[in-house]
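Asks: need the 3D shape of this:
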Amino acid sequence: MTPAEIAPKDRLIVALDLPSVDAAEAMIARLGDSVSFYKIGYQLAYAGGLPLIGKLADRGKKVFADLKMHDIGNTVTRGVESVAKLGATFVTVHAYPQTMKGAVEGRGSASLKILAVTVLTSYNDDDLHAAGYRLSVSELVEARAQQAQVIGVDGLVSSPEEVGSLRKIVGHQMSLVTPGIRPAGAASGDQKRIMTPGRAITAGADYLVVGRPVVEAADPKAVADAIHAEIVQALG
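Replies: The predicted structure follows:
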């Protein structure tokens, strides 16, 4: 899908980083028609949230299964095969070559799209060096993007800071999904590489993942609507 084919409302992915399915369902009800795309990550998945993927899909919503798989290739292949049956639109794997190859094999002809996580948005150069990497964040992100493109991954997850350079590498052949999005005035929390929604879209992001600024707001729907308005303005 090219950027022009993505509906503006689908560009906002709200992260249901909540402790239970009941809490997630309550948030979905509060957001109503303002949100069409949701992310289910570790917290909700491990609290019984995986069946919610199919329920949301049946309601016409899209779901990003943020499972960040990373294991031997065969295990990843089997895991992705299972996720494809749930009705998710996206699933994440870590951007290691064997892992990405396993995921692409597991996807097969399913409509599920594989997203490779380049470097977590809570990491900076010092964090990478502490983990044993000699490359900088930008160098590792670009190297992994090139590998993902060759392997046949559908999209990349990176901080908005790297979107501009990634777009030059992958063109519009791959979707760019950016967490680390914070509306103006919102707390950065544990994120180290962040950007406002409008700036991220202008930089070249296709989809924006926003969690706490929406789900912890006094009026989540108003925050989501404001982010949508900023996205539309940035698309210009």
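Asks: quick check: the residue of the chain positioned farthest from its centre vs Q98, distance?
Replies: Of all residues in the chain, R134 has its C-alpha farthest from the mean position, at 25.8 Å, by Cα atoms, centre = their mean. Separation of R134 from Q98 (Cβ to Cβ, to the nearest Å): 20 Å. C-beta coordinates here come from the backbone N, C-alpha and C atoms, glycine included.
Asks: dihedrals phi and psi, the residue farthest from the centre of the chain?
Replies: Reported as degrees, to the nearest 10, the phi and psi values for R134 are phi -90, psi -20.
Asks: over to the one 3 residues further on?
Replies: Here the main-chain torsion angles of V137 (degrees, to the nearest 10) amount to phi -60, psi -50.
Asks: surely it touches S122?
Replies: No. Taking Cβ atoms under 8 Å as the definition, V137 is not a contact partner of S122, at 11.1 Å.
Asks: show me which of those two is the more surrounded one.
Replies: Just comparing V137 and S122: by other Cβ atoms under 10 Å the higher neighbour count belongs to V137, 24 against 14.
Asks: for the residue most central in space within the chain, list each beta-bridge partner.
Replies: For the chain, the residue nearest the mean C-alpha position is V177 (5.0 Å; Cα atoms, centre = their mean). In this entry, V177 is beta-bridged to V157, Y207, by DSSP bridges.
Asks: residues contacting it?
Replies: Going by Cβ atoms under 8 Å, 6 or more residues apart in numbering, V177 touches 13, 64, 90, 115, 155-158, 205-209.
Asks: how about the residues you listed in JSON lines, adding distance to R107?
Replies: Below are the contacts of V177 laid out as JSON lines (distance: Cβ to Cβ, whole Å):
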{"residue": "I13", "distance to R107": "19"}
{"residue": "F64", "distance to R107": "15"}
{"residue": "F90", "distance to R107": "11"}
{"residue": "L115", "distance to R107": "11"}
{"residue": "G155", "distance to R107": "12"}
{"residue": "L156", "distance to R107": "15"}
{"residue": "V157", "distance to R107": "16"}
{"residue": "S158", "distance to R107": "20"}
{"residue": "A205", "distance to R107": "23"}
{"residue": "D206", "distance to R107": "19"}
{"residue": "Y207", "distance to R107": "18"}
{"residue": "L208", "distance to R107": "24"}
{"residue": "V209", "distance to R107": "21"}
